[in-house]
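Asker: Give me a model of this one.
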Amino acid sequence: MGTLSENNQTLTRADLARLLKDELGLNEREARDVVATFFEEIITGLEGNTSVKMQRFGTFGTRDKKERPGRNLKTGEVATVSARRVVTFRPSSMLKERITEYAGPGIE
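Answerer: Coordinates of the predicted model:
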């Protein structure tokens, strides 16, 4: 499989499209459309409060957080943090294992 460009530590949508183009022989437009559709389906599932499970990768979900007291760090003033829905991700055991095995550059 292709890799990120050198010195780039972030995988972008454009990188994914380029990898699909190179690995599967898709043209540039098709590859961009596949990536866009993939992420749009994940977003649509999460908007509908549905968990999105990807075998051997992990599960995306949502969680409702209650309103809670907070503090403005600059002024020290007490403020209320409003209730909201947040996206969660639980990695699969296989992903956890692979990440643990990989030490990465400069990590010993």
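
Asker: surely residue 69 meets residue 80?
Answerer: Yes: in this structure residue 69 lies within contact range of residue 80 using C-beta atoms under 8 Å: 6.3 Å. C-beta coordinates here come from the backbone N, C-alpha and C atoms, glycine included.

Asker: By residue count, which helix of the protein is the longest?
Answerer: Once the chain is assigned using DSSP state H, the helix that runs over the most residues is helix 28-47.

Asker: Which elements pack onto it?
Answerer: helix 13-24, strand 52-54, strand 58-65 (3 or more C-beta pairs under 8 Å, 6 or more residues apart in numbering; DSSP states H and E).

Asker: Figure out which of the ones you listed is closest to residue 75.
Answerer: strand 58-65 (23.2 Å; C-beta to C-beta).

Asker: How far does that closest one sit from its chain's centre?
Answerer: From the chain centre to the centre of strand 58-65 is a distance of 12 Å (C-alpha atoms, centre = their mean, to the nearest Å).

Asker: and that strand, what other elements does it pack with?
Answerer: helix 28-47, strand 52-54, strand 84-91.

Asker: Go again with 6 Å.
Answerer: With contacts taken as 3 or more C-beta pairs under 6 Å, 6 or more residues apart in numbering; DSSP states H and E, strand 58-65 sits against strand 84-91.

Asker: Give me the contacts around the strand it packs on.
Answerer: 58-65 (C-beta atoms under 6 Å, 6 or more residues apart in numbering).

Asker: Going through those, which ones are buried?
Answerer: 58, 60-62 (16 or more other C-beta atoms under 10 Å).

Asker: biggest separation within the residues you listed, which pair?
Answerer: Taking C-beta to C-beta, no two of the buried ones among the contacts of strand 84-91 sit farther apart than 58 and 62, at 14.3 Å.

Asker: for the contacts of strand 84-91, which one is nearest residue 42?
Answerer: residue 60 (6.2 Å).

Asker: Contacts only, for the closest one.
Answerer: 52, 89.

Asker: The same query, at a cut-off of 7 Å, please.
Answerer: Contact analysis of residue 60 by C-beta atoms under 7 Å, 6 or more residues apart in numbering lists 42, 46, 51-52, 87, 89.
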